[in-house]
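Chemist: Here is a sequence with its predicted model. Questions after.
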Amino acid sequence: MRYRLREFKAGIRPTLDELKFTLKKIRKSPLSIVGTAIVAFYITIAVFAPVLAPPTDPRNPYSIFHDGYGPTPRPPGSPVKDPFILGKGWTVHFFGTVEGQLDIYYGCIWGTRTAFRIGVIVVAIALTIGLLTGSLAGFYGGTIDEFLMRFTDIVLAFPGLILAMALVIALPRTWSMDLGFLGLAIMIFFVLVFLGRFLKLQGIWTFILGLLGLTTVVLSYVWAFGAPPIYIIKLGLTNLDKVLIALALVGWPGYTRVIRGEILRVRNEDYVEAAKAVGCSDFRVLTKHILPNAIYSVVIMASLDIGAIVLTAAALSFLGIGAPVGYADWGQMISFARNWIWAGIENPWQYWYTFTIPGVFIFTFVLGWNLLGDAFRDILDPTLRRR
Amino acid sequence: MSTLLETRRLKKYYPVLGGVLRRKVAEIKAVDEVNIRILKGECFGLVGESGCGKTTFGKTVIRLLDPTAGSIYLDVPSDIMEEIDKLENSDDRDSRRLKELRKKYDLATYRGSMLSGIRKKMQIVYQDPTSSLNPRMLVKNIISEPLIVQGLAKGQAARKKVLEMLYKVGLTERHLYRYPHEFSGGQRQRIAVARALMIDPEFVVLDEPTSSVDVSVRAQLLNLFQDLQKDLNLTYLFVSHDLSVVECIAHRVAVMYLGKIVELAQTEELYKNPLHPYAQALFSSIPIPDPTVQKRPIILTGEVPSPVNPPSGCTFHPRCPKAMQICTEKEPELKDIGNGHMVACHLIH
Amino acid sequence: MTEEILVVDDLRLNFYTYEGVVEALDGVNLSLKKGETLGVVGETGCGKSVTGLSILNLIPPPGRIEGGKVLFKPKKKPVDLLVQKEAILRRVRGKYISMIFQDPRSALNPIYTAGDQITEVLRHHRRKELIQRSLERINEEIEAGKAGFLTGYYKGIYQKMLKNPKALSLLILSRIPIVSRYKRMLNEEAKKEAINMLRIMRIPDPERVVDMYPHELSGGMAQRVVIAIALACNPEVLIADEPTTNLDVTIQLQILDLIKELKEKFSSSIIYVTHDMGVIAQMCDRVAVMYAGNVVELADLFETFKKPLHPYTQALLESIPTPGKPFKSIEGTVPSLVNPPEGCRFNDRCPYAMEICRKEKPKMVEAKKEHFVQCFLYR
């Protein structure tokens, strides 16, 4: 037992050393510190949102409360009038209200959570698809590479924003999925994979065999019998979710190309060949040797992408596609301010708080992630590490 | 001593693709019909200049590359070898028995799982220790990986074996939990050697292992190689372009030029009395660290020709100071002229 | 008594990195006599390459020269190269002191042909000579009666270039596309000279090679082009930084033979930096042995190999693998230059280390005639 603890401590030591070196590097670059600070700040806000802005309706925390329904925005510092909301502990609108008397402060705080959701989910999906396709293309080369890259080129040609709009209209409001059927499909896939292993095929061919077999079986079943329901679940798809799906579907080719390029570079290194000489399977070589060395550029790209995706989603929300009305989302808040950007009789900038404040949130959020991405690149790029 | 490894007519050609339809327009003959026999327990040196194919040969022999043609026999019992010899020399070339034997013993025909099976017996140590160790892996994981992959040991047992091997190569337990870049070149090379020897191979290809380290560290590594050879009963194929190092450690040496072996002999015999003109020029060009020794080195004219279009007949004839008419027409055979000294030159036979 | 042409006096160099200050050179003393080849030998990290670079003040940041002098005496008046302005250094580099680098592939710019790179040096340093030759050719043409209608114009321009090279009119004319065709003649003369240089380098078929790009050349040929660039302006001192390390043995032999012949022909003095003792034995007249940023021994060839005084030199010579004898290596490793040990930097590996070696750093003394050692064993 004590042996395990010693092992653990010894094993952690070099990682800690690496971390110390990384922190030292971060300290030397002021922009990286700023970027990290900004992102840390937003993470805190997102985590503590229920404390910073206690929701008036605990079942729907993302819907911004209305303090009345008046059309004119009220400036920051205006008192809360609605007695129900006063009862929940709100006394003043910190950032003012926007058309329809939606509280800007509340929207911005909970909008942080939305922003993280958007950024992280889209990038996670795009990263997964991108890594999968890029790794297969880069590692196996030849026809697989050609095929996958041409497919990627096709996807790249899709305009993301317009696809988002199209999907918002085309996809239904609820999506029912037959879990039983999905389970059956997965089972068939694994059976075919084992069959391939049994017939002593190399790794990638079992995978392809599995896929082909699966597709044939599923299609023939559906064609013969229609798709009988086994166990249906219904998922609610808000407009925002559809936007996320659209952005993820067009966002992955960038990662594919980057990871493919890096894998092509790493593939020729001696240690990869040495791993093959020792008898590592293709899968092991890819996951333990090639990918850890090829992933740097992708990590940097991912962190830069989070900012970009949030920006795109905000733009879509401003256009009306995206978050539903009254949802806590920065783009939404600015869309409410549409009529009030240059309004006001005495002073055209009278209602500046309606668009400036959410705008500042968006701007600094994206800036923070960009700087963090730069910091990652300076730290992680092994050629720049100066070892 | 018995033969451990034998190659017969081993070829490794790389196709050169050209034209719009990417068809094969030419071939790079990296290894061109090499027949050698490496004895058990010896250190076999393979020398030549860059581009002659010695590294390609080393990698093909342990099946990191697929040979284009030829056979590789590793540790085949002598009666089976005799049978194969008989069948090949007779007119029964395509007999089923020969095919059956080949499928079982000829490494060149192995694919898939049979290939992973023999990986245990043959290993390689690379030239550049910086690029042959994964920079993102701890030394402990690098060295224990062969055990885990081959399914030989796990957990505590693996750790014990790793420690044993570390002590054998002259490192200590403190070095386990570090990354490769924290070590010097000589130490990294030791880690590479430890990794290669973990699964108890019989045959190790050393691909220029001392070229990237300093002179003072070279001696340490050479000592290590010799000790390990005695200790673990290893057989080495020592590939190098550094002739003085090979002279010290190899028992027999072969000289390679443009994919072919031109001369092969016992080390002392070869260095004292090289017969092939290329070998003579090569050995005379080693700079001796002694200002009192005056040599008259043979300076060759021209450059090494490209392996895509090797000259006709003997590939060395454009640069050979003693070339004759027959050298441009007929390729000389590698013949034994006595005492195991083999030369491929029309001047000799 | 041959005079000294280059003296390095107490050169100190530091690199300021993330991990600390690397004291790369800790008081290096060298002297190069006119017409000799000085070998600088040592292992990786001893500072031999950066010594060569510091002489020409080519150390990139984060390196900074902290002290010492580099005295260059081409005409009996010593000039300290470390304090000169960049403009003067540019006139020195290539013309008076030249350098050959280790890897010919990275020393040559891949987007320019071999000829372009040689003519670049020629046009920079030997401009007057090229202009004079062009003028001679023009005069020949006029005499032979083959004068075209632009010849007079060209003659005028070249004469002006000789008299007043920085004239404003020349500056303007050289920028206008058609009128600046006069430069063509200059380039032709430069190219002829480049082909001549390649022929001296024993490159077969130089007319073809002059238009080839570096990636089309083999290692040996590329190195010859690098040497041609270095010797194009007949420098007094040539610094060769491991020029044959990356080449095959037979090609190395060709290049070494070539360098010996060129030294005679161009009467340069050479500083030859390498780690190969065999090459030193073939090429050099005197040898400087370096360890961890210091020159520990400086003597002539025979003395260094047969009667070495410094323990490091002795250990180095013993560790060269020889057949028949057991392999002897040097215990320990080179100390880290970020935190160099107190006193003599070899003290933790020296078999004769004494108390004083751990405390004070020894000074360079002349233990025997013309044989300098930096060790407390000889005082």
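Modeler: Received, thanks. Numbering: from 1, shown residues only, chains lettered A, B, ... in the order given.
Chemist: for the stretch 1-150 of chain A, which spans come out with low pLDDT?
Modeler: Along the stretch 1-150 of chain A, segments meeting pLDDT under 70 span A:1-3, A:7, A:10-11, A:18, A:22, A:25-26.
Chemist: in it, which spans are helices?
Modeler: Residue ranges of the helices in the stretch 1-150 of chain A, as given by DSSP state H, counting those that start in this stretch, are A:2-28, A:30-47, A:49-52, A:83-87, A:104-140, A:142-156.
Chemist: For those helices, state which one has the densest average packing.
Modeler: With neighbours defined as mean count of other CB atoms under 10 Å in any protein chain shown, the helices of the stretch 1-150 of chain A peak in mean count at helix A:104-140, which reaches a mean of 22. (C-beta placed from N, C-alpha, C; glycine too.)
Chemist: From C:Q252, how far out is whatever residue of the stretch 201-349 of chain B ends up closest to chain C?
Modeler: In the stretch 201-349 of chain B, the residue that lies nearest chain C is B:P287 (3.0 Å; CB to the nearest CB). Here B:P287 is placed at a distance of 8 Å from C:Q252 (CB to CB, to the nearest Å).
Chemist: shared neighbours of the two, which are they?
Modeler: Taking CB atoms under 8 Å, 6 or more residues apart in numbering or on different chains as the contact rule, B:P287 and C:Q252 both touch C:V279.
Chemist: So for stretch B:233-251, mean pLDDT?
Modeler: For stretch B:233-251, the per-residue pLDDT values average out at 89.
Chemist: any residue of it up close to chain C?
Modeler: Yes: Stretch B:233-251 comes into contact with chain C (CB under 8 Å from any CB of the partner chain), by way of B:241, B:243-245, B:247-249.
Chemist: Could you list the alpha-carbon positions for that stretch in CSV?
Modeler: Taking C-alpha atoms only, stretch B:233-251 is exported to CSV below (Å, rounded to 0.1, in the frame of the first residue of the first chain):
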residue,chain,number,x,y,z
ASN,B,233,24.3,-14.1,-25.7
LEU,B,234,23.3,-11.6,-28.4
THR,B,235,24.2,-11.4,-32.0
TYR,B,236,24.8,-7.9,-33.5
LEU,B,237,24.5,-6.4,-36.9
PHE,B,238,26.6,-3.2,-36.4
VAL,B,239,25.8,-0.8,-39.2
SER,B,240,28.1,2.2,-39.4
HIS,B,241,30.0,4.6,-41.6
ASP,B,242,32.6,5.1,-38.9
LEU,B,243,35.2,2.6,-39.9
SER,B,244,37.4,3.1,-36.8
VAL,B,245,34.6,2.2,-34.4
VAL,B,246,33.7,-0.9,-36.5
GLU,B,247,37.3,-2.0,-36.4
CYS,B,248,37.2,-2.2,-32.7
ILE,B,249,34.0,-4.0,-32.1
ALA,B,250,33.2,-6.3,-35.0
HIS,B,251,34.4,-9.8,-35.6
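Chemist: How is the residue nearest the centre of chain C classified with respect to secondary structure?
Modeler: Per CA atoms, centre = their mean, the C-alpha nearest to the average position across chain C is that of C:I239, at 1.9 Å. Secondary structure, DSSP: H, G, I helix; E, B strand; the rest coil: C:I239 is strand.
Chemist: ok, it to B:V125 distance?
Modeler: Relative to B:V125, C:I239 is positioned 36 Å away (criterion: CB to CB).
Chemist: now B:G155
Modeler: Using CB to CB, one gets 27 Å for the distance from B:G155 to B:V125.
Chemist: The two: which is more packed in?
Modeler: Comparing B:G155 with B:V125 by neighbour count (other CB atoms under 10 Å in any protein chain shown), the higher total belongs to B:V125, at 26 against 9.
Chemist: Quick check: beta-bridge partners of the more buried one?
Modeler: B:V125 forms beta bridges with B:L206, as assigned by DSSP bridges.
Chemist: Walking through the stretch 251-379 of chain C, point out its helices one by one.
Modeler: Using DSSP H, counting those that start in this stretch, the helices of the stretch 251-379 of chain C run over residues C:277-283, C:301-306, C:311-318, C:355-359.
Chemist: how about JSON lines for those helices, with distance to chain B and mean neighbour count added?
Modeler: Listed next are those as JSON lines, based on distance: least, CB to the nearest CB, whole Å; neighbours: other CB atoms under 10 Å in any protein chain shown:
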{"stretch": "helix C:277-283", "distance to chain B": "3", "mean neighbour count": "21"}
{"stretch": "helix C:301-306", "distance to chain B": "5", "mean neighbour count": "18"}
{"stretch": "helix C:311-318", "distance to chain B": "7", "mean neighbour count": "20"}
{"stretch": "helix C:355-359", "distance to chain B": "19", "mean neighbour count": "14"}
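Chemist: Turn the ones you listed into TSV, columns for distance to C:S134 and mean pLDDT.
Modeler: Written out in TSV, the entries for those read as follows (distance: least, CB to CB, whole Å; pLDDT from 0 to 100):
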stretch	distance to C:S134	mean pLDDT
helix C:277-283	39	88
helix C:301-306	46	89
helix C:311-318	53	89
helix C:355-359	64	84
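Chemist: Now the ones you listed in TSV, please, with extra columns for distance to B:L347.
Modeler: Conversion of the helices of the stretch 251-379 of chain C to TSV gives the following (distance: least, CB to CB, whole Å):
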stretch	distance to B:L347
helix C:277-283	29
helix C:301-306	37
helix C:311-318	38
helix C:355-359	59
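Chemist: Among the ones you listed, which comes closest to A:T56?
Modeler: With CB to CB as the criterion, A:T56 lies closest to helix C:355-359 of the helices of the stretch 251-379 of chain C, at 76.6 Å.
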